[in-house]
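Peer 1: Provided below for reference: sequence and predicted model.
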Amino acid sequence: MSRSTGLRKVTVAMLGLSALATFLPCGCGKRETLVDIGDRTQEYRVGNSDEPSDLDPQTAIGEIEHYIMVSLFEGLVIGDPKDVSPKPGVAERWDISADGKTYTFHLRNNARWSNGEPVTARDFVESYHRMLTPSLGAQYSYMLYPVTNAETFNTGKITNFDEVGFKALNDLTLEVKLHSAAPYLLSMMIHDSWFPVPVSTIKKYGAIDDRSNPWTRPEHFVGNGPFTLKEWRMHSHILVERSSNYWDAANVRLNKIYFDPEESFDTQERMFRSGELHTVRQAPPSKVAFYLKYKPDLINDYPQATTEFYKFNVTRPPLNDKRVREALAMSIDRRAITETVSRAGELPAFCLTPPDMAGYTARAHVREDIPEARRLLAEAGYPDGKNFPRVELLYNTLQNHKAVAEALQQMWKINLNIDIILHNEEWKVYLDTMRRVDYAMARSAWGADYMDPSTFLDVFTTDSGNNETGWSNAEYDRLCAVAANTGDKAARYAAFQKAEAILMDEMPILPIFFYTRPRLLRPSVKGWYPNLLDQPNFKSIYLDPKAE
Amino acid sequence: MPETTLQPVEAIETEPSSSFWMDAWHRLWKNKLAVFGLAIVAILSALCFSEPFLCRHVIGFTYEQQNLVLGPAPPSRLHWLGTDPLGRDLLARLLYGGRISLMVGILATAVSLTIGVLYGAIAGFAGGKLDMVLMRCVDILYALPFTIFVILLMVFFGQNIILLFVAIGAVEWLTMARIVRGQVMSLKHQEFVEAARALGLRRRRILLRHILPNLLGPIIVYATLTVPEVMLLEAFLSFLGLGVQPPQSSWGVLIKEGAEMMEEYPWLLIYPAVAMALTLFALNFLGDGLRDALDVRASKD
Amino acid sequence: MLRFIARRVLETIPVLFIIATVTFFMMRLAPGGPFDTDKQVSKEVRAHMEAHYGLDKPLFEQYLLQMKHLLQGDLGPSFKYPSRTVNEIIADAFPVSLELGVESLAVALVLGLLAGMIASFRQNSAWDHIPMALAMIGLCVPTFVMGPLLISAFALHLDWFDAAGWFLPRDRVLPALTLGAFYAAYVARLARGGLLEILNQDFIRTARAKGAGGARILLKHALRGGLLPVVSFLGPAAAGLLTGSFVVETIFGIPGLGRYFVTAAFNRDYFMVMGAVLFYAVFVIVFNLLADIALVWMNPRLRFE
């Protein structure tokens, strides 16, 4: 007895020591760290957690690339640092016609590329021409589809770009014509796919539709953002410097931004601790809770417009039975998952769309009701889980996915007395399995591309390539189409509410939680604001050594 | 020095009979460290394989029983080795994982040992064209992308514990084969082998009876080096979907996950690592003892 | 010996050909393609992306085409990093891995051989037990534990080094130790085992009994025969060390080649995998050849055959 209490004391002491050691302020009064130097010289050091595949905004599509490209390019509109609402970028102002189908953008006359040339309306038309050129194979070309004939041109049905709704009325006026009103167009235009690219520079280094065109190398690079590319050493660093040709250069306070591409969260967290980085995109899952508890001033844990959910394959028994899907969805404790398993302050999810998506919060909710879940399961023919067939839950090994799956597996065992088999696959194998809808139940997630409920709800329309559940509902498709073609916000959101209600009634998916972004951040970083899309705004950031 | 040549020839003349194995066993039994190692391996195996019984009656928790409210707790009277982030008893998980890891560690090592020793011995002894072809095959296997190989195995055959041995066996025997080949090449020109040849003994017999015993040292050393490597490799295979599937555990997976949380919950790394180190030390003592016991030179003492 | 080397070099051609062929078809058999992401792209876009890299052609034609390019020394573009070629990526990353590899190899050989020699020569003393116990523990502490432990102690607490990065000379110390220590454990165990085998042979026993100096015996007789296992092991081990280690490069944020061996396969970056595999294959072949030459050199009874 006394031995084990002794053991316990030792271990508690061990735990305390190690926790203390972990969060001991390091480097205090010792040598000056890179962060200290950066604070003095306005050099911002960002842990970006992966090597960007490229820096061409039309073909590089990930969050990692996006985070860097926002410093290098500027679209017609930019996202407000606080709520990502559209604010003037290269376009000083814009007019929208009464029917909502014609947008006229008035460009600033002092917008410049980093090589000093002016940014003109023609540049935008040429950029969008390139974006929609079928042979470029731009993954996000559909972001331009609200524009008249953009889709028909992109899919090769027409070949004359003059028929597409982009027109340079003069050097500083760009007209964009839509095939139907799209009130979320300005939100979409914040996305990289709407950035201008330096077409004349691109042509200098190769074909316009060549994905492998080396124009993004530092020695060739031309952009129009607040910063310009100086150095790019793969897996070592990317360095961008303040661009003197940027129209608002006077208000840019950082001199340099240094992006570290190390993909291990743990490595980046250690670099943060040793004073090599000002900020790290994501704290390692195992450390988030510790930072929140012991070092809350070094972490910013902000909700994200990203939903974690499980997909059901509705074409195979037993999950083709709506009651079984409901039973599974009703018999888990989401709060227990977020509070004890994932532990990064996530919000339990009872619907697909995260709350307050540009003013839309879904009313439809899945209930947590274990007796009702048991009743539904019995009704479906599996009283007390008897004869429940073998069902596999597919997941990819990353972060907390395994722990969440194990916890849910146990909940279903206890609450419904059914055994769900866990099965993990390597990422690309998993993607292939998903694409062929060759699974029973699979973990999945979806993040917003822009601030509008359609970025979530369109995923489960019949024609969506990302549906991957076999689920199809004509009324749901109709409601999404109605919302896409109406300029009236109230009517659109009403349609979304109805669509989401159908989704939560039919349950092709089982929502689990809404993600947060647990970003590590030094106190010296000022003018940085969290937002739902984790959209950076390097223009407003500055470093204040006194705040350390 | 005439002793060098004479003594092994004596060994050839006195045919190893059943008394050789008895003698070897006796010598092993007299070696305290070896017996100690054997005992440790035996006890660990016994504990791990009686895990269902121990969990029910001694520990009080099964390896999959969660306690989300408790979460990761340090060792206590209730949970002797603490719990993992899902509140599962680490001791139960360690014992359960030991079943898989000991099996993988010992069986997969044995598989790679058998292939590696035979392959290397044949290549080294035969020499010439056959050696060339065999060793170039080894070069090829070294270079092929292992990750893709594992993914293909899994995709075409599904999840299966046998595949684990195939995948591990497929890579681990290569270096063994190279080491054995090097040894055999240097031994086959030594006097006692020449003498055995002169006596007209068959090649197979020379190889098995006279060369292999002289290889025991390096083989046993390399085998004990392979055991921890194999156990950790299993964790990587689990990551690719081939190894154990949750909620099951293995030492490799426990160590890998423990390493991710070693600053916050050190016991999750320490105890699995201790279990593995203990096994390795025990196997090492046993290995040293075995080599001494089977040593043809020592058998004369 | 020149004839021996010339023959081995000639043998390399079919070996590389077989490796390239098997790798090509293994890659294509693996499910999931280079352009699969969690956000699906339309069929048309996918078709254009595949056409850009020639992946729309019949498989066998692709194979012939790639073989042709390989013969010309062109490893092709990377799918994951579209504006780079595989040749460029390897040329960029290899020098880093080579440097780290040489330093780790030095650590492994110095520590490992010293420990192995001392242990075998003072068998069953503290000189034997302590280094060998350390080696055993080293084997149980994989690099993914050793690296963070060293960083924690020497970078975060003592503040002697940066936690990660590859810029200053001092950035080499911890990665080289981490990687070298693991291989040192192997070398030490193998060296001790091999040396004991020789030291216990009668001619050495006799020499020692006759009072010949310990160091002289060790150097003259024992090392030649006793280090055979180490040399055999070092062939593939050196090839692996010099072409980089995924784990160590990730832990220390090193822009080396090792990470591509793992990530290229995960990304289904077909040309990158092929390039990395062939590059590594050349190293394996060369180092196994060097090891074989060393074997003959160490054992005068052998001839090059």
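Peer 2: Here it is on my side, so go on. Numbering: from 1, shown residues only, chains lettered A, B, ... in the order given.
Peer 1: so how far does stretch B:61-75 reach from one end to the other?
Peer 2: 14 Å (CA to CA, to the nearest Å).
Peer 1: avg pLDDT for that stretch?
Peer 2: Average pLDDT, stretch B:61-75: 88.
Peer 1: And stretch C:21-35, by the same measure?
Peer 2: 92.
Peer 1: So which bits of that stretch are buried?
Peer 2: By 16 or more other CB atoms under 10 Å in any protein chain shown, the buried positions in stretch C:21-35 come out as C:22, C:23, C:24, C:26, C:27, C:30, C:31, C:32, C:33, C:34, C:35. (Each C-beta comes from the backbone N, C-alpha and C, glycine too.)
Peer 1: Touching that stretch from outside, list them.
Peer 2: A:426-433, B:140, B:144-145, B:148-149, B:151-152, B:155, C:41, C:46, C:49-50, C:53, C:55, C:59, C:63, C:66-67, C:79-80, C:267-270, C:273-274, C:277-278 (CB atoms under 8 Å, 6 or more residues apart in numbering or on different chains).
Peer 1: Can you tell me which of those end up in helices?
Peer 2: A:427-433, B:140, B:148-149, B:151-152, B:155, C:46, C:49-50, C:59, C:63, C:66-67, C:267, C:270, C:273-274, C:277-278 (DSSP state H).
Peer 1: Quick check, the residue in the stretch 101-250 of chain C closest to chain A?
Peer 2: Here the stretch 101-250 of chain C gets closest to chain A at one residue, residue C:163, 3.8 Å apart by CB to the nearest CB.
Peer 1: before we move on, what about chain C?
Peer 2: residue C:32 (2.8 Å).
Peer 1: Can you tell me, leaving aside adjacent residues, what's nearest to that residue?
Peer 2: residue A:428 (2.8 Å; CB to CB, 6 or more residues apart in numbering or on different chains).
Peer 1: Please check the ones in helices among the contacts of stretch C:21-35 and keep the buried ones.
Peer 2: A:427-433, B:140, B:148-149, B:151-152, B:155, C:46, C:49-50, C:63, C:66, C:267, C:270, C:273-274, C:277-278.
Peer 1: which residues sit in contact with residue 196?
Peer 2: Reading this off chain A. Applying CB under 8 Å, 6+ apart to residue A:196 gives the contacts A:73, A:75, A:90, A:119, A:123, A:124, A:127, A:224.
Peer 1: let's do chain C instead
Peer 2: Per CB under 8 Å, 6+ apart, neighbours of residue C:196: B:217, C:120, C:123, C:226.
Peer 1: cutoff 7 Å now
Peer 2: Listed by CB atoms under 7 Å, 6 or more residues apart in numbering or on different chains, the contact set of residue C:196 reads B:217, C:120, C:123.
Peer 1: again, but for residue A:51
Peer 2: Residues near residue A:51 by CB under 7 Å, 6+ apart: A:234, A:235, A:261.
Peer 1: pLDDT weak spots in the chain?
Peer 2: Just so you know, I chose chain A. In the predicted model of chain A, residues A:1-30 satisfy pLDDT under 70.
Peer 1: That was the other one, I meant chain B.
Peer 2: By pLDDT under 70, the low-scoring segments of chain B are B:1-19, B:295-301.
Peer 1: ok, how many other residues are close to whichever residue of the stretch 151-300 of chain A sits closest to chain B?
Peer 2: Taking CB to the nearest CB, chain B has its nearest neighbour within the stretch 151-300 of chain A at residue A:286, 4.4 Å off. Other residues near residue A:286 number 23, with proximity taken as other CB atoms under 10 Å in any protein chain shown.
Peer 1: Phi, psi for the nearest residue to it once chain neighbours are set aside please.
Peer 2: Nearest residue to residue A:286, sequence neighbours excluded (CB to CB, 6+ apart): residue B:261, at 4.4 Å. The phi and psi values for residue B:261, taken as degrees, to the nearest 10, are phi -120, psi 20.
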